[in-house]
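Sequence plus the predicted model coming up.
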Amino acid sequence: MTDKSPAEHELSRLIVEVLNLEDVTAEEIGPEEPLFGDGLGLDSIDALELAMAISKQYGVQLKADDEDTRAVFENVRTLSAYIQQEADAA
Amino acid sequence: MPGAHLVPLLLRPPGDAMAVVDGRTITAGEFLGQVNALAHRLPSAGHLFNLVQDRYAFTVAFAAVLAAGRCNLLPPNPKPDVQARLAESLDTVAVIHDGLAVTPGLAALDLGPAAELPGSDVRTVPEIPGGHIAAISFTSGSTGQAQPIAKTLGMFRGAVALYEGPLVPRGSRVVATVPAQHMYGLELASLQALWSPVLFTPGKPLFPLDVQAELAAVDGPRVLVTTPLHLRALLESGLAFPALERVLSATAPLDAALAQRAEVALGARVIDVYGCSEAGCMATREVARETRWRPLPGVRFQPGGEDATVVHAAHLDQPVPLADQLEFTAPDRFRITGRLGDMINVAGKRGSLGDITRRLLDVPGVDDAVAFAPPSNSDNRRPAAVYAGSADRAAIRAHLSRFLDDVFLPRPLIQVDRLPRTDTSKLPRKELLALYRQHQRRP
């Protein structure tokens, strides 16, 4: 398993906490493990819950309406990078 | 007799705006040309799954299927496995889509981008018998025993007439966050625009920023067709939204406090809508100010005592029994007090706890199991489950996800040594909820 940055680890903790995931701990979520589909198996309800938590925690709003932003949701690493980038731009 | 009369597929002057696609207004005449062009390109035989995700292109396909004298099949979700399972139960099947994964072996027609749909100069309005089955939707998430719900064109036409005004005022610009295939989104956006002077947008915005952009794409009195979860996300985002005339919320009861916040923050009337796939929208309440529901004009509820309440309306060919328990406090005011039987509603999808339990019991290494509804006062609307056996949760989830919609995958999935069965093998809900609470409190 690749090492996660502190920011990626914090985001993993948020995901586990907000979505009430019980099969995995934050430590077990790989930075490049897919969040949706065959990875963690999240769905669109999870995506919306997660978006609410991210906007509260980081003040960053997510978007889903184009291919680029769908890629953002690929895994913890891409999502964390996006949050960082948006937070810096704000 | 109902059903024999002809229903025009479109009742809009040719110059009327139907939709705004990529910033361009599409008129009823253009829409009709595209419908007539597509009607000739449809796969020639078999049942047609309309899985088109873009709401505008979906509507063109929906109408083209009818113009060709065929029927739209609307699966609960577009997963290839779900397509395959439904296809098995039907003769031949073809899929109409706009860039989706299609089950290998099924014939498919990819419509491509909505903005580039080919048109035609044929502007005649197809007329179709009111009794023609226009759509069959499958509501249960546990599709092993999905109940198909068939609706005729006459039923849809009648529903739109009922909704014009009380739900969707003439002149509305409708933005919906629910899928085009879901009965609620289908009727209030796509079909409303066939027979009532409203226009809709093609998207299904998920996040608040997406909703903001979709609303900004139209001018005029906007109506947002959404759910409590989407609405809560909008409010918590703290974003500013374009002026809204009205918010319609359905699929789960809307909380009064949330409705009050929404009315202040969005400046819109917030209307909670009570409906079901079989009967469509039936009653409303302005939940910021009232707790009880009022039937829509023309809808009549007949309390059933111990039996199910049934709903009557002119456009329903027969009375529809409801899965909810209603308590009438006046002839035209009621509360929803509970749910009959084992149905569970998650994100507008309806599943059977019995089905989920049966699927759980099929998993290798699960000796005993039951799915149940979480406490009604929790935020969790998904089914919970308790099981005994050696199977691990990931394996169970992997197995179930082949058959169940993701929203019905039990969460939490609680492993115990033995289920709290009584002498008569029953599982008291009280015991299950105690396990649930114990599990929630775990470190």
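In hand now; what should we look at? Numbers count the residues shown, from 1 in each chain, chains lettered A, B, ... in the order given.

From here on, just use CA atoms for contacts and neighbour counts.
OK.

Contact partners for residue 55?
Let's take chain A. A:Q61, A:L62, B:S237 (Cα atoms under 8 Å, 6 or more residues apart in numbering or on different chains).

um, chain B though
Per Cα under 8 Å, 6+ apart, neighbours of B:R55: B:P179, B:A180, B:S190, B:T201, B:P202, B:G203, B:K204.

circling back: out of the contacts of A:S55, which are inside helices?
Residues of the contacts of A:S55 located in helices (DSSP state H): B:S237.

Just put the contacts of A:S55 in CSV and tack on pLDDT, distance to A:A51 and neighbour count.
Converted to CSV, the contacts of A:S55 look like this (pLDDT from 0 to 100; distance: Cα to Cα, whole Å; neighbours: other Cα atoms under 10 Å in any protein chain shown):
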residue, pLDDT, distance to A:A51, neighbour count
A:Q61, 89, 7, 21
A:L62, 87, 6, 27
B:S237, 92, 9, 22
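
What is the nearest of the contacts of A:S55 to B:A134?
A:L62 (37.1 Å; Cα to Cα).

Please report how far the closest one lies from B:L235.
14 Å (Cα to Cα, to the nearest Å).

Please apply the same query to B:F301.
34 Å.

Looking at the two, which one has more neighbours?
A count of neighbours by other Cα atoms under 10 Å in any protein chain shown puts B:F301 above the other of B:F301 and B:L235, at 22 against 18.

list the contacts for that one?
So B:F301 contacts B:P295, B:T309, B:V310, B:V311, B:H312 (Cα under 8 Å, 6+ apart).

need the next SSE after the strand or helix carrying the last one, C-terminal direction.
Here B:H312 is covered by strand B:310-313, with elements defined by DSSP states H and E. Secondary structure here is assigned by DSSP H and E; on that basis, the next helix or strand after strand B:310-313 toward the C-terminus is strand B:320-321.

on that earlier part again, tell me how far the strand holding B:H312 is from the chain's mean position?
Relative to its chain's centre, strand B:310-313 lies at 20 Å (Cα atoms, centre = their mean, to the nearest Å).

Show which residues not belonging to it make contact with it.
B:279, B:298-304, B:318-322.

Most widely separated two among those?
B:G298 and B:G304 (19.1 Å).

in the stretch 101-250 of chain B, which spans are strands?
B:107-110, B:127-129, B:133-138, B:148-152, B:173-176, B:199-200, B:222-226, B:246-249 (DSSP state E, counting those that start in this stretch).

Buried deepest among these, which one?
Of the strands of the stretch 101-250 of chain B, the one with the most neighbours on average (mean count of other Cα atoms under 10 Å in any protein chain shown) is strand B:173-176, at a mean of 29.

Whether that strand contacts chain A - can you check?
No: with Cα under 8 Å from any Cα of the partner chain as the measure, strand B:173-176 is seen stopping short of chain A, the closest distance being 14.0 Å.

Which strands and helices lie in contact with that strand?
Contacts defined by 3 or more Cα pairs under 8 Å, 6 or more residues apart in numbering or on different chains; DSSP states H and E place strand B:173-176 against strand B:199-200, strand B:222-226.
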